[in-house]
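Student: compute the structure for the input listed below.
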Amino acid sequence: MVTSNGYANEGDFLSGFFKQASLQKWKRWLQCFTHAAIADSPVADEITAVHIYVFIDHIKQLLHLAAMIVNARGNIQHAAC
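Tutor: Numbers count the residues shown, from 1 in each chain. As a prediction, this is how the structure comes out:
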C-alpha cells in the first residue's frame with residue numbers, strides 16, 4: 001500500500017524523515033519553534049528560512065501519516081468488535 005505521501009509504508013517515510021535531519025536536529029528545531037511561540041519572537045531569528053520550510057513540510061507529513069495510522073488501527077478495532 002502506498003500512502004498519500006507516496007511512501008510504500010510508514011518505515012519508508014520515517015527513514016526519509018531522519019535522512020533529512022537527525023533526531024537531535026528535529027528536537028532542536030522543535031525547541032526553537034516552541035521558544036519562539038512562548039517568547040513571542042520570530043523563529044527566523046534562530047533557524048534559516050530553508051530549515052523552517054523543511055521543518056514545517058516534514059512535520060505536516062508526519063502528522064498526516066500518524067493520523068492515517070490511528071485511523072487505520074481504529075478501523076481494524078471497530079471491525080473486530
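Student: ok, longest helix in the protein?
Tutor: Ranked by number of residues, the top helix in the chain under DSSP state H is helix 49-80.
Student: and that one, what does it pack onto?
Tutor: Under the contact criterion of 3 or more C-beta pairs under 8 Å, 6 or more residues apart in numbering; DSSP states H and E, the helices and strands touching helix 49-80 comprise helix 10-20, helix 23-39. Glycine gets a C-beta too; all of them are placed from N, C-alpha and C.
Student: just put the ones you listed in TSV and tack on mean neighbour count, mean pLDDT and distance to Asp45.
Tutor: Conversion of the helices and strands packed on helix 49-80 to TSV gives the following (neighbours: other C-beta atoms under 10 Å; pLDDT from 0 to 100; distance: least, C-beta to C-beta, whole Å):
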stretch	mean neighbour count	mean pLDDT	distance to Asp45
helix 10-20	13	82	22
helix 23-39	13	93	7
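Student: of those helices, which is nearest Ala49?
Tutor: Ala49 sits nearest to helix 23-39 of all the helices and strands packed on helix 49-80, at 12.8 Å, using C-beta to C-beta.
Student: with just CA atoms, put that closest one into CSV.
Tutor: What follows is helix 23-39, C-alpha atoms only, in CSV (Å, rounded to 0.1, in the frame of the first residue of the first chain):
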residue,chain,number,x,y,z
LEU,A,23,16.6,13.2,15.7
GLN,A,24,18.8,15.8,17.5
LYS,A,25,18.2,18.3,14.8
TRP,A,26,14.4,17.7,14.8
LYS,A,27,14.4,18.2,18.5
ARG,A,28,16.4,21.4,18.2
TRP,A,29,14.0,22.8,15.6
LEU,A,30,11.0,21.9,17.7
GLN,A,31,12.6,23.6,20.7
CYS,A,32,13.2,26.7,18.5
PHE,A,33,9.6,26.8,17.4
THR,A,34,8.4,26.3,21.0
HIS,A,35,10.7,29.0,22.3
ALA,A,36,9.6,31.4,19.6
ALA,A,37,6.0,30.8,20.4
ILE,A,38,6.5,31.3,24.2
ALA,A,39,8.8,34.3,23.8
